[in-house]
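quick one: sequence and predicted model below, then my questions.
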Amino acid sequence: MIRPSDLLVPRPEGLYCPPGDFHIDPVRPVPRALVTHGHSDHARAGHGAVLATRETLDIMAIRMGEDFAGARQEAVPGAVVDIGGVAVSFHPAGHVLGSAQISVAWRGLRITAAGDYKRAADPTCAPFEPVPSDIFITEATFGLPVFRHPPPEAEARRLLDSLALFPDRAHLVGAYSLGKAQRLIRLLRDVGHDAPIRIHGALSRMCDYYVSRGIDLGPLAPATVAGQRGRGFAGEIVLGPPSAFAATWVRRFADPLIAFASGWMRVRARARQRGVELALVISDHSDWSELTATLTELSPAETWITHGREEALLRWCALERRAARPLHLVGYEDEAED
Amino acid sequence: MRRFATLLDRLSLTPSRNGKLRLIEAYLAEAPDPDRGWGLAAITGDLRLDTVKPAMLRALIAERADPELFALSHDFVGDLAETIALMWPEGATPPADPPLGEVVAELRGASRREAPRLVERRLDALDAPARFALLKLVTGGLRVGVSARLAKQALADFGGRDVNEIEEVWHGLEPPYAALFAWLGGTGARPAADTRLGFRPVMLSHPLEEADRAKLDPADFRAEWKWDGIRVQASAGPEGQRLYSRTGEEISRAFPDLVEAMRFDATLDGELLVARPEGLGAGAAPFGDLQRRLNRKTVTAREMGRFPAFLRLYDLLREGGEDLRPAPFDARRARLEAFAAGLDRDRFDLSPLIGFESWAELARERAAPPEEVIEGVMLKRRDSPYLAGRPAGHWYKWKRDPRVIDAVLMYAQRGHGKRSGYYSDYTFGVWAPDGALVPVGKAYFGFTDEELVRIDRFVRDNTVERFGPVRAVRAEPGHGLVLEVAFEGLNRSTRHKSGVAMRFPRISRLRWDKPPSEADRIEALEALLPPGDADDE
């Protein structure tokens, strides 16, 4: 009888698979890495070889340069790859474009590392696919019962309502450059906003890439215009990475109204801390309901819980009499890239 | 309920006054009666349900959630009502959106025993923002920073009226203000003002500029001291007594000693001050003593004994049924002097007129005021009627020159709105005996846009630590930014580490030339404190 740790074991550099001799989402350079998605805390440069979906490989090349790894191999969702006798397969995770769960099977034991995932509908990426497994590794970014994301269309409409009420103010929306920005743009289009959306320079390549993959984002325009400081873009929506809001970049806008699209915005103190005037609760991670519903649906023999608020999800598993343990992986950012 | 919840949510995150006004105005335009009246009363604090205690809320959530999951959630969120609103279990049925008026009516009619069950039933049917609004309503914890004055301005904007018109009728009204909305909406008559005891909009002054003095003839004006207390309006008659702040908030309950003495049928304008314990003959006590009586809902006998309130009279607006506001100042003054002679001398005295022939003579008086609680002189045109608001050309304030100190910039916070992207709110300190800087105040105006850009650059280049939107900057004897800070006065404070609190601090000059080691020491500030006991509280 093999033990689970014979197949996957947490190491300082990430989850390691001894028989296949590879890591999943390693935070330091390793000879062979399997990468779930393109966010920078999961996808790092400098590995000997990377196996990931085509979109994740493309995104890594856009973000880190074409030479981000010694060798790269495309993982086709659903197809099985044999690595040292371990049957490896990638399955859509519903988090961002190209995001995948990684499932490993060996000597009758299947473990699926979901990476970051969500169950809510998202027109910018393939939906989460449940993979029946002996062990399911779940994230817990929003692993508290207070986190239940409202319908994202309603949040997008709140942004448009504010635009109508404050047509003299530029609406600056903080949104991470991979995934959140494109999803928010798509949501705005779906609720009827046809006007050009301004984007910070840091978002443009990723938006171009989404468009090249067939995701229509409508008219986008740069938020850079040689004009008078403090007058610009009144009544327009401007998307930028949250880091830009602390920089001098915001000065070019007309009486800017700062908004932020994130699951953290559900909690008022978080919005206040960031100086946000319009808190949009839109997340690419599972909320409490999605996390618990997924565990109920998959009903794995054991659940491993990683990055986020493990305690509450562990408590829920205990109340539900489900075997669970925390993984204590280090290096994944709790707050970033939501 | 959903519309009200959205209003609350946005108000709580909107820092600017204009932003708040627009949110409230839009709400008043969209919400129907009586919801909008209840919503308005809720945000101004005029609707108090207070039917549920926090312990009852804890009991409600304990029936629905695991205690450990609740504790973890509460730790993360911080606020009890918010935690419960966010984690309250949701069923499969889509949330309802009952009218606010219906919810308020139900809860107002409920006994303390019934209330928790009613709240529970509502929680089951609402969405998260509405649950939050409901819980804040029933616990009386709605803190959204909307004063009665701001709400009245929003009503004025909404109805296309002057805010003073709203003031005139306000005190005769009760939520949900159906008559008021009918009038503002053009479908009803103007509500009758509560003529005797209602608040009358206060007359305010403009600062006297250097150039004004050349144009004004001293013979046209009367001068008075500008007393450093709080401007109030005292109205009494057979129906009772009311004391208002200058923005029309009723403050009677904080000053029962003064209200008790208001046995007349008139409306007076004056400055509320506190006397020294030995009696009014000893002059008014400093502003710091008055502060002991401010911002309190109730007051103890001991405080009333040590800091007795009195009114220094400026004006007589009504006597009996006669409205004196259209009369010229001199005529009102004569009536006031005659009227004041019949009042309780421990509680009322006249603000004396200052005799002067020329501006130079008045300037000399202004430089040597007879009492400590004077912040300058007031000039009132002899023929001016008593007009609402700040009419041009009638009243002027000529304030004493501010006090200044040199302080060192310690922390800077990012601004909002037009100042987004700039570090525009500054905390500054002076040197303590142990050689460290101790913060003594905060200022966020007094500098030009160009100066703001330079300070912002300094903050970014000299950041030593970040706490969210706040940066700590280098502030060492040999390196830092010295700010010349002007302020109106200084009080003792037990809330500030430095033991002093400034009034109206603002940046008067940037001393790029001055090394921080030459900034002021705390002793320099302590020397400016009014004499008085420091051992209280």
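That came in fine, so what should we check first? Numbering: from 1, shown residues only, chains lettered A, B, ... in the order given.

could you check how far the residue nearest to B:I354 when sequence neighbours are not counted is from A:A181?
Sequence neighbours aside, B:A223 is the residue nearest to B:I354 in space, at 4.3 Å (criterion: CB to CB, 6 or more residues apart in numbering or on different chains). The way it works is simple: take the backbone N, C-alpha and C, and place the C-beta from them, glycine included. Noted for B:A223: a distance of 63 Å to A:A181, by CB to CB, to the nearest Å.

same deal with A:L291?
24 Å.

which helices and strands sit right next to the helix or strand where B:E450 lies?
Assigning secondary structure by DSSP states H and E places B:E450 in helix B:449-461. Under the contact definition 3 or more CB pairs under 8 Å, 6 or more residues apart in numbering or on different chains; DSSP states H and E, helix B:449-461 sits against strand B:403-414, strand B:423-431, strand B:470-473, strand B:506-511.

thought the residue nearest to B:I354 was touching B:E357?
No. When contacts are counted by CB atoms under 8 Å, B:A223 is not listed as touching B:E357 (10.9 Å).

I'd like the helices and strands packed on helix B:449-461 as CSV, with mean neighbour count and distance to chain A appended.
Shown next, in CSV, are the helices and strands packed on helix B:449-461 (neighbours: other CB atoms under 10 Å in any protein chain shown; distance: least, CB to the nearest CB, whole Å):
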stretch, mean neighbour count, distance to chain A
strand B:403-414, 22, 6
strand B:423-431, 23, 10
strand B:470-473, 18, 10
strand B:506-511, 18, 20
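
kindly reformat these as CSV containing distance to B:L294 and mean pLDDT.
What follows is these, written out as CSV (distance: least, CB to CB, whole Å; pLDDT from 0 to 100):
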stretch, distance to B:L294, mean pLDDT
strand B:403-414, 22, 93
strand B:423-431, 24, 94
strand B:470-473, 28, 92
strand B:506-511, 22, 91
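
identify whichever of the ones you listed lies nearest to B:F487.
Closest approach to B:F487 among the helices and strands packed on helix B:449-461 is made by strand B:403-414 (5.8 Å; CB to CB).

same for the closest one, what does it pack against?
strand B:423-431, strand B:437-443, helix B:449-461, strand B:470-473, strand B:482-487.

and the angle from that strand to strand B:506-511?
90 degrees (axes from the mean of the first three to the mean of the last three CA atoms, to 10 degrees).

related to what we said a few turns ago, how about the helices and strands packed on strand B:403-414, which one is nearest B:I230?
Using CB to CB, those put strand B:482-487 closest to B:I230, at 18.0 Å.

what angle separates that closest one from helix B:449-461?
130 degrees.

how many other residues sit next to the residue in the stretch 251-400 of chain B positioned nearest to chain A?
Closest residue of the stretch 251-400 of chain B to chain A, CB to the nearest CB: B:N295 (23.2 Å). Each residue near B:N295 was counted by other CB atoms under 10 Å in any protein chain shown, and the total is 8.

please parse chain A into its domains.
A:4-146+A:285-326, A:152-280 (automatic domain parsing).

got the contact list for the residue at the greatest distance from the centre of chain B?
Taking CA atoms, centre = their mean, the residue of chain B most remote from its mean C-alpha position is B:A92, at 45.4 Å. With contact set as CB atoms under 8 Å, 6 or more residues apart in numbering or on different chains, B:A92 has no partners.

check which residues of the longest helix along chain A are buried.
For chain A, the helix with the greatest residue count under DSSP state H is helix A:152-165. If you call a residue buried by 16 or more other CB atoms under 10 Å in any protein chain shown, then helix A:152-165 has these buried ones: A:152, A:155-159, A:162-163.

same list, these, but as a markdown table with distance to chain B and pLDDT please.
A markdown table is the format used below for those (distance: CB to the nearest CB, whole Å; pLDDT from 0 to 100):
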| residue | distance to chain B | pLDDT |
| --- | --- | --- |
| A:P152 | 14 | 97 |
| A:E155 | 11 | 97 |
| A:A156 | 15 | 98 |
| A:R157 | 11 | 97 |
| A:R158 | 8 | 97 |
| A:L159 | 12 | 98 |
| A:S162 | 8 | 97 |
| A:L163 | 13 | 97 |
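
tell me, how many residues neighbour residue 42?
If you meant another chain, say so; for now it's chain A. 26.

not quite, go with chain B.
Residues near B:A42, counting by other CB under 10 Å, number 25.
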